[in-house]
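> Structural data only, the sequence is not supplied:
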Ligand SMILES: C[S@@+](CC[C@H](N)C(=O)[O-])C[C@H]1O[C@@H](n2cnc3c(N)ncnc32)[C@H](O)[C@@H]1O
């Protein structure tokens, strides 16, 4: 890339015999270039025409000649909401491009830009288009982040995302300088609530007399077949509303629900005057748009707002089948299952034929009122294939609709281990008790085929921020739920539901909430996992951390993203529910929560780890490394002398934490496990084998259940059988094995997937039946 140049720098470039004197443009020159109408139109049309994907774009950006294709710098200093950001749509608050340019980098709070798109739009990271103001002298690029999050370059019809000639308002605008390099200057919007599409009719009523002084560029028009916003004088309001509804429907079908809602809203504006003298045609269209808007809101889990739409639709036509169905769906989405049932019963009595969908919905309601059944638990736990980093099997078709939000015997209280809140058991709990089943507030699943493309254009965190921002914009009541989550040490959590701030899209807060409450897997291109599965789950986000004394495990199903929190050990009434945010078996330096969560863990294990001298830690590492086991090949070069030496080493490792054997994680290393579970077992040195395995078991019992637990329990059981231990001992280890099959996979059948699939048959010889009637 060469040296970093500063504005005004001069240098010489040679290409063969040609010598060129180059000069890095000053800030003023760059801004002038980036706000010249001709340049903006030409660059944006080129991006649209060439369907530039982010990868291609990045390659082009390496060559300075193509700097004009640079995307707007990603927002980095997102603003926290304050009252000065409320915008009144009065002409005196309107700012021109000229004013924005004079205030580079400043948020013009309480102001708005009235703009019109003069180029087709595209998407690199945000939705990107050229805009002008009514004066039409200058233009600039507009980057809408967190807008139309599902639109994809080359896949979406951008004329339906942000059509040419769209008039819009950008509230609290900020003209931004690129962070680094020769990127374009432009207007950035990160808050979806700051963008409002205005219909020609609304422009007239809000700003009478405002005229666009220039025409839409020929170059832009040439790329499109028709213009959405050009209505012929003889088109009626009903026709215009129908046209806009169809654009909304197209967006909905393409899974761009937020776009759909924007167009349905504009369509509704055209019907507002007609509502006074409602004709059958107006009534039909109105109900259709309201019901379709409800469908889009339901897709985004904005159930409160969906309910308002279906309520209005049913007020006009109480037998509208889709509105009835969606009304019930919204009630169910809000967890108001009984009300949903009563509503449907009333409608089913009133109208004889409401169709199969409604009948099906009615039949699943009783199941939603009960705690999750075995079938659901098994499907959610269903482990990934052995030795594969592919996702779990999808849930059976339709199952996700049968999964209710569930909260077991727990309550929210002030935590004892941190300043904030935590969850507490309200009764004694057995291992395997389901405490929470919840769907994410914002979730993301990207399958292996699409992972790379996804990560080329955004990050999972940014995507989730966009989803959350859109949800609160569309359903402000959801702010109360989301903003109750920890947002870092600087932002106080408000619990006052009446506080108007709780209903505003506060991007800075949302970002913090996302980073402190994010749960998920594999977010980098390099990481092993081939897919992305992550999100923010509100109820589970209230659970605090402990490395060694956690009592619950949390598992979310890879593709459906349904989260379950289950106890893996006994919990006493009043005890705090604790999970482990990281793998407790990692060394202390990798369990550093300061960076990710801003706290220092003071659990028994962290305190013990911190109390040890570097010499002792090095000695332990050296002992483990000296074992003859090769972790890369998983091989052990058996020889009695080598084994004898390693047995002495294992004794030494044990002694290093003799006072706290249940925290001796060095005993769980693969070398020691292999020596015990494979070598000693093969050599029939059962007493030594059992003694080591029991010590390892005492440590792993402290960590949330994973694939190891069943394997350890079954090896101990095998060893005990071979030793001819008493039935009571065998019963005890059989029960341990059952426990971990249930906890890990939800079913005793899981035993068949281990190294000893015939354990149930072997146990019969000792008079023990592995499979129980209740499982
Ligand atoms: C996901 S939240 C957990 C719920 C949070 N306590 C609340 O009131 O919303 C994570 C935050 O809780 C706090 N926390 C969790 N476990 C902790 C612990 N063991 N010690 C201190 N703070 C902890 C930290 O501030 C952390 O960033």
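Thanks, I have the structure now. Given the structure is predicted, the values throughout are model-derived calculations rather than measurements.
> ok, the residue in the chain that the ligand sits nearest to to residue 597 distance?
For the chain, the residue closest to the ligand is residue 420, as judged by C-beta to the nearest ligand atom, at 2.4 Å. Every C-beta, even on glycine, is put in place using the N, C-alpha and C of the backbone. From residue 420 over to residue 597 the distance is 11 Å, taken as C-beta to C-beta, to the nearest Å.
> Neighbour count: the two, which is higher?
The neighbour comparison of residue 420 against residue 597 (other C-beta atoms under 10 Å) goes to residue 597, with 19 against 13.
> The more buried one: what's it in contact with?
516, 545, 581 (C-beta atoms under 8 Å, 6 or more residues apart in numbering).
> The ligand next: which of these are close?
516, 545 (C-beta under 6 Å from any ligand atom).
> Narrow the contacts of residue 597 to those in helices?
Using DSSP state H, the members of the contacts of residue 597 that fall in helices are residue 516.
> and the contacts of residue 597, which are buried?
The neighbour-count test (16 or more other C-beta atoms under 10 Å) marks 516, 545, 581 as buried among those.
> Please name the nearest non-neighbouring residue to the first one.
Leaving aside its chain neighbours, residue 516 sits nearest to residue 486 (5.2 Å; criterion: C-beta to C-beta, 6 or more residues apart in numbering).
> which residues touch that neighbour?
Residues near residue 486 by C-beta under 8 Å, 6+ apart: 420, 493, 513, 516-517, 541.
> Widest-spaced pair of the residues you listed?
420 and 513 (12.8 Å; C-beta to C-beta).
> For this protein, give me the ranges with low pLDDT.
1-8, 22-23, 53-79, 179-183, 522-528, 775 (pLDDT under 70).
> And the contacts of stretch 736-751?
The contact list for stretch 736-751 (C-beta under 8 Å, 6+ apart) reads 374, 377-378, 380-383, 431-432, 553, 566, 568, 705-707, 709-710, 713-714, 716-717, 753, 757, 759-760, 770-772, 775.
> what about the strands in the stretch 451-600 of the chain?
Counting by DSSP state E, counting those that start in this stretch, one finds strands in the stretch 451-600 of the chain at the ranges 519-521, 532-536, 544-545, 552-556, 563-567, 578-579.
> right, so of these, which gets closest to residue 452?
Shortest distance between residue 452 and the strands of the stretch 451-600 of the chain, using C-beta to C-beta, is found for strand 532-536: 10.6 Å.
> quick one: contacts of the helix or strand hosting residue 251?
In this assignment (DSSP states H and E), residue 251 forms part of helix 237-253. For helix 237-253, contacts defined as C-beta under 8 Å, 6+ apart pick out 157, 160-161, 163, 199, 228, 231, 235, 257, 259-264, 266-268, 270-271, 273-274, 281-282, 285, 288-289, 292-293, 295-296, 299.
> Can you spell out which helices and strands pack onto whatever helix or strand comes next after that helix?
Toward the C-terminal end, the helix or strand that comes next after helix 237-253 (DSSP H and E) is helix 257-272. Secondary-structure packing of helix 257-272 (3 or more C-beta pairs under 8 Å, 6 or more residues apart in numbering; DSSP states H and E): strand 195-198, helix 200-206, helix 237-253, helix 280-299, helix 460-474.
> gap between helix 257-272 and the chain center?
Distance, stretch centre to chain centre, for helix 257-272: 27 Å (C-alpha atoms, centre = their mean, to the nearest Å).
> what's in contact with it?
Contacts of helix 257-272 (C-beta under 8 Å, 6+ apart): 147-151, 160-161, 192, 197, 199, 201-202, 237-238, 240-242, 244-245, 247-249, 251-252, 282, 285-286, 289-290, 292-293, 296-297, 299-300, 470, 474.
> Can you pull the phi/psi pair for residue 771?
With angles defined as degrees, to the nearest 10, residue 771 sits at phi -80, psi 130.
> what about the residue nearest to it when sequence neighbours are not counted, how many residues close to it?
Spatial nearest neighbour of residue 771, chain neighbours left out: residue 748 (5.5 Å); criterion: C-beta to C-beta, 6+ apart. By other C-beta under 10 Å, 17 other residues sit near residue 748.
> now residue 748: how far from residue 432?
For residue 748 relative to residue 432 (C-beta to C-beta), the value is 12 Å.
> so where do the helices sit in the stretch 1-150 of the chain?
Using DSSP state H, counting those that start in this stretch, the helices found in the stretch 1-150 of the chain span residues 27-34, 37-50, 54-61, 97-102.
> so where does the closest residue to residue 694 other than its chain neighbours fall, helix or strand?
In space, residue 694 comes closest to residue 716 once its chain neighbours are excluded; the distance is 6.9 Å by C-beta to C-beta, 6+ apart. Using DSSP H and E, residue 716 sits within helix 707-723.
> Got the domain ranges for this structure?
31-76+84-223, 231-337, 604-764 (automatic domain parsing).
> Could you export these as JSON lines, including distance to the ligand?
Putting the domains of the chain into JSON lines (distance: least, C-beta to the nearest ligand atom, whole Å) gives the following:
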{"stretch": "domain 31-76+84-223", "distance to the ligand": "22"}
{"stretch": "domain 231-337", "distance to the ligand": "20"}
{"stretch": "domain 604-764", "distance to the ligand": "9"}
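> Excluding its own residues, what touches the helix holding residue 716? List them.
So helix 707-723 is contacted by 383, 673, 676-677, 681, 684, 686-687, 689-690, 693-694, 696-697, 700, 729-730, 733-734, 736-737, 739-741, 743-744, 750-751, 754-756, 759, 762-763, 766 (C-beta under 8 Å, 6+ apart).
> Cross those against helices and list the overlap.
673, 681, 686-687, 689-690, 693-694, 696-697, 700, 729-730, 733-734, 736-737, 739-741, 743-744, 759, 762-763.
> Could you turn the buried ones of the residues you listed into a ChimeraX selection?
Remark: buried members of the ones in helices among the contacts of helix 707-723, expressed as a ChimeraX selection using 16+ other C-beta under 10 Å:
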select :673,681,686,689,690,693,696,697,700,730,733,734,736,737,739,740,741,743,744,759,762,763
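> who's in contact with residue 87?
Applying C-beta under 8 Å, 6+ apart, the residues near residue 87 are 93, 110-112, 171-172.
> Which single one of those residues is nearest to residue 343?
Of these, the one sitting nearest to residue 343 (C-beta to C-beta) turns out to be residue 171, at 37.4 Å.
> got the phi/psi numbers for the closest one?
phi -80, psi 150.
> Correct me if wrong: residue 557 contacts residue 393.
No. The pair residue 557 / residue 393 is not scored as a contact, 9.3 Å apart, by C-beta atoms under 8 Å.
> Between these two, which is the more surrounded one?
Ranked by neighbour count (other C-beta under 10 Å), residue 557 and residue 393 place residue 557 first, with 23 against 14.
> what helix or strand is the nearest residue to the more buried one once chain neighbours are set aside on?
Distance criterion C-beta to C-beta, 6+ apart; nearest residue to residue 557, sequence neighbours excluded, is residue 380 at 4.8 Å. Following DSSP H and E, one finds residue 380 within helix 374-381.
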